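Engineer: Provide a 3D model corresponding to the input given below.
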Amino acid sequence: MTVDSLKAEFENCHLTVAGVPLEQLKEDVVVDINPDLLGAGKKRKKKNYTKPKKTKRKHKKVKLAVLKFYKVEGDKVQRLRKSCPSCGAGVMMAMHFDRY
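Structural biologist: Next up, the predicted model:
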């Protein structure tokens, strides 16, 4: 906003200070005016990071991973891993050398 636009805005308004209209004040009186101006607060500085972002681990895609869970010989299908007792059939438990 420029000074001229502020003056034009104040001329359109009926301004009073301590109950006295500004038109009745003397010419050489100093009046502090604090108008509400449009705008925001201070602009924030962009963060400058010291460390690079951690890269996420990409999972290896294994084609036909189901074949690792079953062994097929002719007409017979044999499970290579034990089914989970709490989750139910179809959920295989992990192969650890010291468990189950």
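
Engineer: C-terminal to the lowest-mean-pLDDT helix or strand in the chain, what's the next element?
Structural biologist: When each helix and strand of the chain is scored by mean pLDDT, DSSP states H and E, strand 16-17 comes last, with a mean of 69. Later in the chain than strand 16-17, the nearest helix or strand by DSSP states H and E is strand 20-21.

Engineer: and the following helix or strand past that following strand, what does it pack onto?
Structural biologist: As assigned by DSSP H and E, the chain's next helix or strand after strand 20-21 is strand 70-73. The helices and strands touching strand 70-73, judged by 3 or more Cβ pairs under 8 Å, 6 or more residues apart in numbering; DSSP states H and E, are strand 76-79. From N, CA and C alone the C-beta is placed, and that goes for glycine too.

Engineer: then the strand it packs on to CSV, C-alphas only?
Structural biologist: Coordinates of each C-alpha in strand 76-79 appear next as CSV, following Å, rounded to 0.1, in the frame of the first residue of the first chain:
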residue,chain,number,x,y,z
LYS,A,76,2.5,-85.7,-5.1
VAL,A,77,2.8,-82.2,-3.5
GLN,A,78,4.8,-82.0,-0.3
ARG,A,79,5.0,-78.9,2.0
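
Engineer: so what pLDDT did L25 get?
Structural biologist: Confidence at L25, expressed as pLDDT, is 65.

Engineer: now the spatially most central residue of the chain: how far from T55?
Structural biologist: For the chain, K47 is the residue whose C-alpha lies nearest the centre (Cα atoms, centre = their mean; 15.0 Å). Counting by Cβ to Cβ, to the nearest Å, the gap from K47 to T55 is 20 Å.

Engineer: before we move on, what about Y49?
Structural biologist: Distance from Y49 to T55, by Cβ to Cβ: 15 Å.

Engineer: quick one: neighbours of G19, just the number.
Structural biologist: 5 (other Cβ atoms under 10 Å).
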